[in-house]
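Novice: The sequence isn't on hand, but the structure is:
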Ligand code: HEC
């Protein structure tokens, strides 16, 4: 019986891993990758450059999660980012966490 419960828990944790949101797929489905690439400059800065710029900024995750939804400019050049209202605050956090972790 104990063994059965253990394997049930194991299967549950495995399936959660499989179905957890993959940030890159999320970025793709939210259209972020139309303007951003990991390491080539498109309309917006590369995700590598963003991660490098904020690597010592503990407040960046919070600030950037809001900026992704509201849009804004003036940091990387003259071109502003339009608002991304299709993104929820939770999704924005996932995306920004992922971007900031890129090396
Ligand atoms: C229409 C093009 C476009 C789309 C779509 C877009 N971005 Fe941007 N993004 C930009 C531009 C341009 C900038 C530079 C803004 C600036 O200079 O402040 C930028 C900046 C950023 C920054 C850095 C902001 C800062 O203040 O340093 C992050 C993080 C970011 N984008 C994430 C995202 C995410 C996540 C998505 C998808 C939900 C997304 N972007 C969709 C064009 C876009």
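Specialist: Received it, and whenever you're ready, just let me know what you need. Values in this document were obtained by computation on a predicted structure and should not be read as measured data.
Novice: switch to C-alpha atoms for all contacts and neighbour counts from now on
Specialist: Noted.
Novice: For residue 43, which residues are in contact?
Specialist: Each residue near residue 43 by C-alpha atoms under 8 Å, 6 or more residues apart in numbering is listed here: 35-36, 79.
Novice: switch to 10 Å and redo it
Specialist: By C-alpha atoms under 10 Å, 6 or more residues apart in numbering, the contact set of residue 43 is 33-37, 79-81.
Novice: Next SSE downstream of the helix or strand containing residue 52?
Specialist: Secondary-structure element containing residue 52, defined by DSSP states H and E: helix 47-53. Sequence-wise, the next helix or strand beyond helix 47-53 is helix 60-70, with elements assigned using DSSP H and E.
Novice: which residues of this structure fall in helices?
Specialist: Taking DSSP state H, the helices of the chain run over residues 2-19, 23-29, 47-53, 60-70, 89-101.
Novice: circling back: could the contacts of residue 43 go into CSV alongside distance to the ligand?
Specialist: Written out in CSV, the entries for the contacts of residue 43 read as follows (distance: C-alpha to the nearest ligand atom, whole Å):
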residue, distance to the ligand
33, 7
34, 6
35, 4
36, 6
37, 10
79, 5
80, 5
81, 4
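Novice: Name only those of these that count as buried.
Specialist: Among the contacts of residue 43, those classed as buried by 16 or more other C-alpha atoms under 10 Å are 33, 36-37, 81.
Novice: got the residues of this structure near the ligand?
Specialist: Counting by C-alpha under 6 Å from any ligand atom, the residues of the chain close to the ligand are 27, 30-32, 34-35, 43-45, 50, 64, 68, 72-77, 79-82, 84, 95-96.
Novice: out of those residues, which are buried?
Specialist: For the residues of the chain next to the ligand, burial is judged from neighbour counts taken by 16+ other C-alpha under 10 Å, and it is met by 27, 30, 32, 44-45, 50, 64, 68, 81, 84, 95-96.
Novice: got these as CSV, with distance to residue 20 columns?
Specialist: Formatted as CSV, these follow (distance: C-alpha to C-alpha, whole Å):
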residue, distance to residue 20
27, 14
30, 16
32, 19
44, 27
45, 27
50, 24
64, 22
68, 21
81, 28
84, 22
95, 13
96, 16
